[in-house]
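> dropping a prediction and its sequence here:
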Amino acid sequence: MIDLRSDTVTRPTAGMRAAMATAEVGDDVYGEDPTAIELEAEVAALFGHEAALFAPTGSMANQIALQLVVPAGEELLCDADAHVVTYEIGAAAAYGGISSRTWPAVGAELDPDVVAAMIRPDGYFAVPTRAIAVEQTHNRGGGGVIPLGTLRELRRVADDAGLALHCDGARIWHAHVADGVPLADYGALFDTMSVCLSKGLGAPVGSLVVGSADKIERARWIRKRMGGGMRQVGVLAAAGRYALRHHVDRLAEDHVRAARLAEAVAPFGVLATPVRTNLVPLDLTKHPLDAKALAAAARAEGVLISVLGPRTARLVTHMDVDDGGVDRAAEVLARILRA
């Protein structure tokens, strides 16, 4: 099978498995796992922050970060398709007591002025806005990259209103490679970040919360409360360290392969947005096939794709699909869409 459902389906390489097998470990709940400590320090330094904390999942990392910047009963602003309010099963409300309000979904093409107009100050029984969250790259926005200039303007909006700015940076490595923006330039804009090791970078599991030293100290307590305190986590942290050393620059290969897939399906009028990174979003609104039918036909020929809605689907390139796999998938999808 050529699996284009997600970049989370990758399996550890031989080198990564070797790093995991030989990792030095300790009890991370006691703060004594040396490999986890090294990974956290390395990621914090990459983004120019004081500290970071390993978490088992991206959703947990996001929710820890949101609880750091939005008190219970107060408000987060984000877009209507943001992962934190779309794919995390209401965790912000369920765990953090956080109220959320969204601007219309536009993927990476957000307008800071629209966000600024939504901010609610403290007032008579109003729910005050405390933080803004953005997603880089944007999942449901087809892997779009928010321009650095837009993010800087959004930082100004947040500063003017005294708000925190959070980045769901699950695929920020892709933005870094696509636009050549240094990771520290992204880090300088955000109070908190979550960054993922298992989307694109090939680690089997793991994300990190990034922020100031005092925030990360509190984050350890929140992580434990949410059931994320792990013991000899260095086995997993070693995979993350290996990924950072070997799998970041190669993301450019995934971008090229995604562009080839986009070129193959574009003639059939199903490409939802221009492809910037490793996600190829499909809009089948004007095509005879719906998303389930396309996925079923592709599966029958050995290609797996994601169904996101009745008429929306997604292809994702990653390190486990090589040029031959992409060529085969492009051939299959073009033939199905043409029929």
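It's in.

> any idea how this structure splits into domains?
14-246, 250-338 (automatic domain parsing).

> would you map the strands across this structure?
2-3, 51-55, 75-79, 99-103, 129-135, 164-169, 192-196, 207-211, 279-283, 303-304, 306-309, 312-316 (DSSP state E).

> would a markdown table of those with mean neighbour count, mean pLDDT and distance to residue 21 be doable?
Yep, even glycine has a C-beta here, placed from its N, CA and C like the rest. Listed next are the strands of the chain as a markdown table, based on neighbours: other C-beta atoms under 10 Å; pLDDT from 0 to 100; distance: least, C-beta to C-beta, whole Å:
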| stretch | mean neighbour count | mean pLDDT | distance to residue 21 |
| --- | --- | --- | --- |
| strand 2-3 | 20 | 98 | 25 |
| strand 51-55 | 26 | 98 | 19 |
| strand 75-79 | 25 | 98 | 40 |
| strand 99-103 | 17 | 97 | 42 |
| strand 129-135 | 26 | 98 | 34 |
| strand 164-169 | 26 | 98 | 29 |
| strand 192-196 | 29 | 98 | 23 |
| strand 207-211 | 30 | 98 | 22 |
| strand 279-283 | 26 | 98 | 32 |
| strand 303-304 | 20 | 98 | 29 |
| strand 306-309 | 16 | 96 | 32 |
| strand 312-316 | 25 | 97 | 28 |
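
> quick check: residue 301 touching residue 334?
No. Residue 301 is not in contact with residue 334 according to C-beta atoms under 8 Å; the separation is 11.5 Å.

> now do the helices in the stretch 101-250 of the chain.
Counting by DSSP state H, counting those that start in this stretch, the stretch 101-250 of the chain has these helices, from start to end: 112-118, 148-161, 172-179, 183-187, 213-225, 234-246.

> any stretches of the stretch 1-150 of the chain with poor pLDDT?
For the stretch 1-150 of the chain, no stretch has pLDDT under 70.

> contacts only, for the closest residue to residue 76 other than its chain neighbours.
Excluding the flanking residues, the one nearest residue 76 by C-beta to C-beta, 6 or more residues apart in numbering is residue 100, at 4.7 Å. Residues near residue 100 by C-beta atoms under 8 Å, 6 or more residues apart in numbering: 75-78, 84-85, 92-93.

> circling back to that earlier point, CSV please, covering the helices of the stretch 101-250 of the chain and showing mean neighbour count.
Output for the helices of the stretch 101-250 of the chain, formatted as CSV (neighbours: other C-beta atoms under 10 Å):
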stretch, mean neighbour count
helix 112-118, 15
helix 148-161, 16
helix 172-179, 23
helix 183-187, 19
helix 213-225, 17
helix 234-246, 23
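
> and of these, who's closest to residue 277?
With C-beta to C-beta as the criterion, residue 277 lies closest to helix 172-179 of the helices of the stretch 101-250 of the chain, at 4.2 Å.

> mind listing residues that contact the closest one?
136-137, 143, 145-148, 169, 181-183, 186, 193, 195, 200-201, 248-249, 251-252, 254-255, 276-278.

> go again with 6 Å.
136-137, 145, 183, 195, 248, 251-252, 276-278 (C-beta atoms under 6 Å, 6 or more residues apart in numbering).

> now stretch 25-43
The contact list for stretch 25-43 (C-beta under 6 Å, 6+ apart) reads 23-24, 52, 54, 208, 229-234, 237-238, 240-241.

> nearest to residue 326, of the helices of the stretch 101-250 of the chain?
Once these are compared by C-beta to C-beta, helix 172-179 is nearest, at 16.6 Å.

> let me know the angle separating that closest one from helix 234-246.
0 degrees (axes from the mean of the first three to the mean of the last three C-alpha atoms, to 10 degrees).

> can I get helix 172-179 as CSV, trimmed to CA atoms?
Taking C-alpha atoms only, helix 172-179 is exported to CSV below (Å, rounded to 0.1, in the frame of the first residue of the first chain):
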residue,chain,number,x,y,z
ILE,A,172,6.3,24.2,11.8
TRP,A,173,9.4,22.3,10.5
HIS,A,174,7.7,22.3,7.1
ALA,A,175,7.1,26.1,7.3
HIS,A,176,10.8,26.5,8.2
VAL,A,177,11.9,24.5,5.2
ALA,A,178,9.4,26.0,2.7
ASP,A,179,10.0,29.7,3.5
